[in-house]
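1. Output the structure for:
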Amino acid sequence: VKTIASLSKDQVLKVLSVAADMKATPQKYLQLLRQRTLLMLFEKPSLRTRVSFETGMTQLGGHAIYYNIADSPLGKKESIQDTARVLSRYVDAVTARVFTRKAVDELASNATIPVVNALDDFAHPCQMLADLLTIAEVRKTTNFSGMKLAFVGDCQNNMTYDLMRLACLMGFNIHVAGPDSKDFEVEWTVVKECEAMLQKTSGGSFKIGHDRDAAIKDADVVYCDSWMSYGIPPADRAERLKALMPFQVTGKTMDLAAKDSIFMNCLPAMRGEEQTAEVIDGPKSVVWDQAENRLHAQKALLSLLILGFDSKLLH
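-> Numbering: from 1, shown residues only. Predicted coordinates:
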């Protein structure tokens, strides 16, 4: 699973169904992955990713191994191809949280076990599943047709790209808005990928612009992400804040969204930057449900990847 588009619409819906049941009745699944092992490769640090995957495997009766590759990068001592082949003999699945898509591509191409992208510079599929589970809980349906999601801020990042793919895959509308600058614009390859996806699916659409209020107007979901992600030099902070501040989500901008709209942020968040405190701590915020749902969505995804999407997990 390199991007959310690695899964079909039906597979995403199955993950959501299994995740919802695991969340409601966790005791049914305590031995589902007994004697199964997950290796978690980390080049970039993360609180939510490590804790949710490790806890999830424990709750399913399996085991998770944390391996920090920051000091021993993939592809240095041996090729990533060789690493993938060796790991396939040891464990049942691998997650990788890395800086570049190349590492995930090479792992996935050479492993004979499931490889899950736990974040790179191109996608964040686990976050997509958690977000969609959260939206489904609020809307009380897994039919996302007609929904509008607005993403505002830095559009040149993994979250923007996978949210665009998610909209095209699941059939809803996304409007992204950020500064009119090459430093913040969506990669052209993602635009072309989404156009190709829309040729095969129905109901979805994407729009890219530079007007925060136009993007948020009548949106059912308002979404933003950190302006200073891991890997961005601290020296760039002042310049980035100056460019991005017009895209901050405030209480007033949330008033432009649909009456029953929700606010999302994949965390970590900085109050006073990508959103104000009144928004993230306000009644429309579902960020804590989002964070919790990483656990349930990932448990479902790992179970279906290891046991097979055709396995009967729901009784």
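
2. What helices and strands are in contact with the longest helix belonging to the chain?
-> Looking across the chain with DSSP state H, the single longest helix is helix 287-307. Applying 3 or more CB pairs under 8 Å, 6 or more residues apart in numbering; DSSP states H and E, one finds that helix 287-307 contacts helix 9-24, helix 47-59, strand 93-97, strand 115-117, helix 125-139, strand 262-265. Where C-beta positions appear, they are placed from N, C-alpha and C, glycine not excepted.

3. Okay, buried residues for the next helix or strand along the chain from the third one please.
-> Sequence-wise, the next helix or strand downstream of strand 93-97 (DSSP states H and E) is helix 101-110. Buried residues in helix 101-110, counted by 16 or more other CB atoms under 10 Å: 101, 103-108, 110.

4. Stretch 196-212 too?
-> In terms of neighbour count (16+ other CB under 10 Å), stretch 196-212 has its buried residues at 197-198, 203-204, 206, 208, 210, 212.

5. Ok, stretch 125-135 next?
-> 125-135.

6. Give me the neighbour count for residue 235.
-> By the criterion of other CB atoms under 10 Å, residue 235 has 7 neighbours.

7. Can you verify it is assigned to a strand?
-> No - judged by DSSP: H, G, I helix; E, B strand; the rest coil, residue 235 forms no part of a strand; its state is helix.

8. Model confidence for it, exactly?
-> Per-residue confidence (pLDDT) for residue 235: 92.

9. ok, now how distant is it from residue 37?
-> Distance of residue 235 to residue 37, given as CB to CB, to the nearest Å: 41 Å.

10. Quick check, pLDDT for residue 139.
-> Here, the pLDDT recorded for residue 139 equals 97.

11. isn't it right up against residue 146?
-> No - contact between residue 139 and residue 146 fails when scored by CB atoms under 8 Å: they sit 10.5 Å apart.

12. Between these two, which has more neighbouring residues?
-> Ranked by neighbour count (other CB under 10 Å), residue 139 and residue 146 place residue 139 first, with 15 against 10.

13. From residue 262, how far out is the more buried one?
-> Counting by CB to CB - residue 139 and residue 262 are separated by 9 Å.

14. which residues touch residue 22?
-> 28-29, 296, 299-300, 303 (CB atoms under 8 Å, 6 or more residues apart in numbering).

15. Just the buried residues out of those, in ChimeraX syntax.
-> Here is the ChimeraX command that selects only those of those that count as buried (16+ other CB under 10 Å):
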select :29,296,299,300,303
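
16. Between the contacts of residue 22, which sits nearest residue 240?
-> residue 296 (33.3 Å; CB to CB).

17. Give the full set of residues in contact with the closest one.
-> With contact set as CB under 8 Å, 6+ apart, residue 296 has these partners: 19-20, 22-23, 130, 133.

18. ok, 6 Å please
-> Going by CB atoms under 6 Å, 6 or more residues apart in numbering, residue 296 touches 19, 22-23.

19. buried ones in stretch 45-65?
-> Residues of stretch 45-65 classed as buried: 46, 48-50, 52-54, 56-57, 59-60, 62-64 (neighbour count, 16+ other CB under 10 Å).

20. CA atoms of it as PDB?
-> Presented in PDB, the C-alpha positions along stretch 45-65 are these (Å, rounded to 0.1, in the frame of the first residue of the first chain):
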ATOM      1  CA  PRO A  45      10.000  10.100  14.100                       C
ATOM      2  CA  SER A  46       6.300   9.900  15.100                       C
ATOM      3  CA  LEU A  47       4.200   9.500  18.200                       C
ATOM      4  CA  ARG A  48       0.900   8.500  16.600                       C
ATOM      5  CA  THR A  49       2.300   6.100  14.000                       C
ATOM      6  CA  ARG A  50       4.500   4.100  16.400                       C
ATOM      7  CA  VAL A  51       2.100   3.900  19.300                       C
ATOM      8  CA  SER A  52      -1.000   3.100  17.100                       C
ATOM      9  CA  PHE A  53       0.700   0.300  15.100                       C
ATOM     10  CA  GLU A  54       2.400  -1.200  18.100                       C
ATOM     11  CA  THR A  55      -0.700  -1.100  20.300                       C
ATOM     12  CA  GLY A  56      -2.800  -2.400  17.400                       C
ATOM     13  CA  MET A  57      -0.600  -5.500  16.900                       C
ATOM     14  CA  THR A  58      -0.700  -6.200  20.700                       C
ATOM     15  CA  GLN A  59      -4.500  -5.900  20.700                       C
ATOM     16  CA  LEU A  60      -4.700  -8.400  17.800                       C
ATOM     17  CA  GLY A  61      -2.500 -10.900  19.600                       C
ATOM     18  CA  GLY A  62       0.500 -10.200  17.400                       C
ATOM     19  CA  HIS A  63       3.900  -8.500  17.900                       C
ATOM     20  CA  ALA A  64       5.400  -5.300  16.600                       C
ATOM     21  CA  ILE A  65       9.200  -4.600  16.300                       C
END
